[in-house]
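1. sequence-free structure coming up:
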Ligand SMILES: [Zn+2]
C-alpha cells in the first residue's frame, strides 16, 4: 500500500487544516527488565495453571499506523490506515 509523504489534514492544536508530514510508525523495542514483565514471563513459563491474558489465537495481520506531524506547530498524531491487512505501508516518493 502506498501513501503520500505530505498531506493536508486537521490539526487539533492549530484547530484548522494544515500541511502534515507523514511517517510510518515503528514500534520501539520493549525493556526486558521491568518488574511486571519479569513476573509475567515467570508466570508464562509454567507451574501456575491457567494464566490470565495469554493469547489463544495469534492474529495474522496488523493495523498499519501512521504518524502525522503538523508543519506549523510540530504537533504529531497517530492514525490507523484502513483495517487489519497483511500489506505493508510504503511512502510514495
Ligand atoms: Zn498544528
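-> Sure thing, it's come through. Because the structure is a prediction, the values reported are computed rather than measured.

2. center of this structure - which residue?
-> Per C-alpha atoms, centre = their mean, the C-alpha nearest to the average position across the chain is that of residue 65, at 4.9 Å.

3. next one: that residue from residue 15, what distance?
-> Look at residue 65 and residue 15: by C-beta to C-beta, to the nearest Å, they are 24 Å apart. The way it works is simple: take the backbone N, C-alpha and C, and place the C-beta from them, glycine included.

4. same question for residue 38.
-> Residue 38 sits at a distance of 44 Å from residue 15 (criterion: C-beta to C-beta).

5. at the contact with the ion, which residues of this structure appear?
-> Within the chain, the positions lying close to the ion (C-beta under 5 Å from the ion) are 11, 13-14, 70, 72-73, 75.

6. hmm, back to that, the more surrounded of residue 38 and residue 15?
-> Remark: of residue 38 and residue 15, residue 38 carries more neighbours, 11 against 8, as counted by other C-beta atoms under 10 Å.

7. next up, phi/psi of that one, please.
-> phi -60, psi -40 (degrees, to the nearest 10).

8. show me where this protein has helices.
-> 35-45 (DSSP state H).

9. in stretch 34-42, what counts as buried?
-> Buried positions in stretch 34-42, judged by neighbour count with 16 or more other C-beta atoms under 10 Å: none.

10. and what of stretch 45-61?
-> Residues of stretch 45-61 classed as buried: none (neighbour count, 16+ other C-beta under 10 Å).

11. number of nearby residues for the closest residue to residue 69 other than its chain neighbours?
-> Computed as C-beta to C-beta, 6 or more residues apart in numbering, the closest residue to residue 69 that is not its neighbour in sequence is residue 76, at 4.3 Å. Neighbourhood size, residue 76 [other C-beta under 10 Å]: 14.

12. surely residue 76 meets residue 65?
-> No: counting by C-beta atoms under 8 Å, residue 76 does not reach residue 65; the two are 11.9 Å apart.

13. before we move on, the earlier item: just the buried subset of the residues of the chain next to the ion, written out for PyMOL, thanks.
-> The buried subset of the residues of the chain next to the ion, as determined by 16+ other C-beta under 10 Å, is captured in PyMOL by this line:
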select buried, resi 11+70
